[in-house]
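Participant: have a look; sequence and predicted model below, questions after that.
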Amino acid sequence: MIDVVRSIVTNPLVYLYACAYVAVVFGGGYLVQKVTQSFLATMQSSLAQLKPGLPSAGKYIGWVERILILTFIVGGYETAVGFLLAAKALVRYPEIQEDTRGHFAEYFLVGTLTSVGLALIAGMAVNKLRSFLG
């Protein structure tokens, strides 16, 4: 048992993955919030009040989204990212369709693309660094 723990603690890949997940999930959440905050502020107040969903659900959805995308990229299942994005778009389609001015659609796209882009870049960086460490 001690040898297993020692091998985990001394393995640089463990630290690479831990740093990547913490940075992508929490740092990415902060970045997405800062990027989308200006869009949310410029939307009409009535549209912002009608923004669907629970108040903090977007934060948790973003965490899960970035975890899944990073895991898909690191695990070699890049095609699964497309299915995840398609499912997210289908769930949000009714709200996007109701927004005749397109404000929510743009807000949704900016947030999603920022979140997904960050997770994809991190996944590619982890894969590249893994080849050096492993």
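Facilitator: Everything's here; your move.
Participant: any idea which element the most centrally placed residue in the chain lies in?
Facilitator: Most central in the chain under Cα atoms, centre = their mean is residue 66, positioned 2.9 Å from the mean C-alpha point. When secondary structure is defined by DSSP states H and E, residue 66 falls within helix 57-75.
Participant: show me the longest helix that occurs in this structure.
Facilitator: Of all segments of type helix in the chain, defined using DSSP state H, the longest is helix 103-133.
Participant: run the angle between that one and helix 57-75 for me.
Facilitator: 30 degrees (axes from the mean of the first three to the mean of the last three Cα atoms, to 10 degrees).
Participant: could you check how far helix 103-133 is from the centre of its chain?
Facilitator: 7 Å (Cα atoms, centre = their mean, to the nearest Å).
Participant: show me what counts as buried in that helix.
Facilitator: Buried residues in helix 103-133, counted by 16 or more other Cβ atoms under 10 Å: 103-104, 106-108, 110-112, 114-116, 118-120, 122-123, 126. Every residue, glycine included, has its C-beta placed from N, CA and C.
Participant: the residue nearest to the centre of the chain reaches residue 23, doesn't it?
Facilitator: No. The criterion here is Cβ atoms under 8 Å, and residue 66 misses it with residue 23 at 9.8 Å.
Participant: the bottom helix or strand of the protein by mean pLDDT?
Facilitator: helix 45-50 (a mean of 56; mean pLDDT, DSSP states H and E).
Participant: which helices and strands does the next helix or strand after the helix holding residue 66 pack with?
Facilitator: For helix 57-75, the following helix or strand on the C-terminal side (DSSP H and E) is helix 79-98. Contact analysis of helix 79-98 by 3 or more Cβ pairs under 8 Å, 6 or more residues apart in numbering; DSSP states H and E lists helix 57-75, helix 103-133 as its packing neighbours.
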